[in-house]
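Asker: Have a look; sequence and predicted model below, questions after that.
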Amino acid sequence: TAVDSLISGGCIISGASVRRSLLFSSVYVHSWATVEYCVVLPGVDIGRHAVLKRCVIDKHCRIPEGMQIGVDPEADRKRFFVSPKGVTLVTAEMLGQGAATPHD
């Protein structure tokens with residue numbers, strides 16, 4: 001389901017919940033994932049059971065199955081950038097996936 005969100009063309013939300021978020025093109029949200037108060041840039045793949053809250057996900061990131069981002073700000077600060085207002089920024093490099101692919 002997608003509630004109070006803007007979802008671009010080419011996105012697939014398969015058995016997941018998206019609330020108050022903005023999904024750019026070609027985002028895939030797998031089963032049982034939760035996305036709340038997020039901005040997700042093009043080409044992102046969000047794995048099953050992942051939980052994303054108050055975060056910005058850079059293009060072409062692959063969020064692993066079961067990963068939680070934005071749930072525990074202290075844990076997020078060890079791996080990602082967290083703004084003073086608690087918004088977590090995630091890039092492919094932070095996930096150990098190398099730079100985003102140049103074929104946007």
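Answerer: Right, received. Where do you want to start?
Asker: Would you mind listing where the protein has pLDDT under the threshold?
Answerer: Counting by pLDDT under 70, the chain has low-confidence residues at 99-104.
Asker: so residue 57 bridges to which residues?
Answerer: residue 40, residue 90 (DSSP bridges).
Asker: what sits against it?
Answerer: Shown in contact with residue 57 (C-beta atoms under 8 Å, 6 or more residues apart in numbering): 38, 39, 40, 41, 44, 46, 63, 90. For glycine as for every other residue, the C-beta is placed from the backbone atoms N, C-alpha and C.
Asker: what's the neighbour count on residue 62?
Answerer: Neighbour count of residue 62, defined by other C-beta atoms under 10 Å: 15.
Asker: dump the residue contacts of the residue lying closest to it once chain neighbours are set aside.
Answerer: If the residues on either side of it in the chain are set aside, residue 62 comes closest to residue 45, at 4.7 Å by C-beta to C-beta, 6 or more residues apart in numbering. By C-beta under 8 Å, 6+ apart, the residues touching residue 45 are 27, 28, 30, 61, 62, 63.
Asker: what pairs with residue 45 across the strands?
Answerer: Beta-bridge partners of residue 45, as defined by DSSP bridges: residue 28, residue 62.
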